[in-house]
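Student: Structure of the sequence below:
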Amino acid sequence: MRRLLLLRHGKADRHSAGGDRERPLMRRGEEDARRVGEFLRDAGMTPDLAVASNARRAKQTLECALAAFPGHVTHLIENTIYLATVDHLVDVLRQTPDKVQTLLAVGHNPGFAELAVWLAGSGNAEDLDHMRSSYPTAALAILDFDTEHWAEVRKGAARLHRFVTPSALRGDVVDDPD
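Tutor: Sure thing, here's the model as predicted:
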């Protein structure tokens, strides 16, 4: 089995003097990313590899989430994830080494939300509906594949194990708007 942890970056400032790629996380974005990391740690979902977009907010999200794990998690920055299309994200996913059982990917909408919907062919109906209608900042889709090789990933091949939003981790009733 392969597991993909598809994490949208945390809440970021709207503007940056350095342009969109340099937008930093807001305090809430940092806190939400830490909560997601703690959730993953507590659920025993330690990634074998973590990959993030080269945008500042994605790198900061990755850093905050990985801080929850007691040991080092191998991670890298992938420049082509920034604002990538579903087709490109699928190509990147299919190039994941087979020694990686659990992959954490941190990136952006609309590509990440579209990828999660494209991959999820089954799962809890409520989680699927929630994910399809809204993929807020710091939301996490946990997708499981019954395959031996990442190269075999196809549309609808994943089961959505769970869709986790930061508002649910904070105990809020509804998701915050982006």
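Student: quick one: contacts of the longest helix along the chain?
Tutor: In terms of residue count, the longest helix belonging to the chain (DSSP state H) is helix 27-42. Applying CB atoms under 8 Å, 6 or more residues apart in numbering, the set of residues contacting helix 27-42 from outside is 5, 7, 9-12, 25, 46-47, 57, 60-70, 104, 137-138, 140, 164, 166, 169-170. Quick note: C-beta positions are derived from backbone N, CA and C, even for glycine.
Student: packing partners for the lowest-mean-pLDDT helix or strand in the chain?
Tutor: Lowest mean confidence among the helices and strands of the chain (mean pLDDT, DSSP states H and E): helix 166-170, at a mean of 90. For helix 166-170, the elements it packs on are helix 27-42, judged by 3 or more CB pairs under 8 Å, 6 or more residues apart in numbering; DSSP states H and E.
Student: Tell me the buried residues in the helix it packs on?
Tutor: By neighbour count on 16 or more other CB atoms under 10 Å, the buried set for helix 27-42 is 28-37, 39-41.
Student: pLDDT added to those residues, as CSV?
Tutor: Formatted as CSV, the buried residues of helix 27-42 follow (pLDDT from 0 to 100):
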residue, pLDDT
Arg28, 95
Gly29, 96
Glu30, 97
Glu31, 97
Asp32, 97
Ala33, 97
Arg34, 97
Arg35, 97
Val36, 97
Gly37, 98
Phe39, 97
Leu40, 98
Arg41, 97
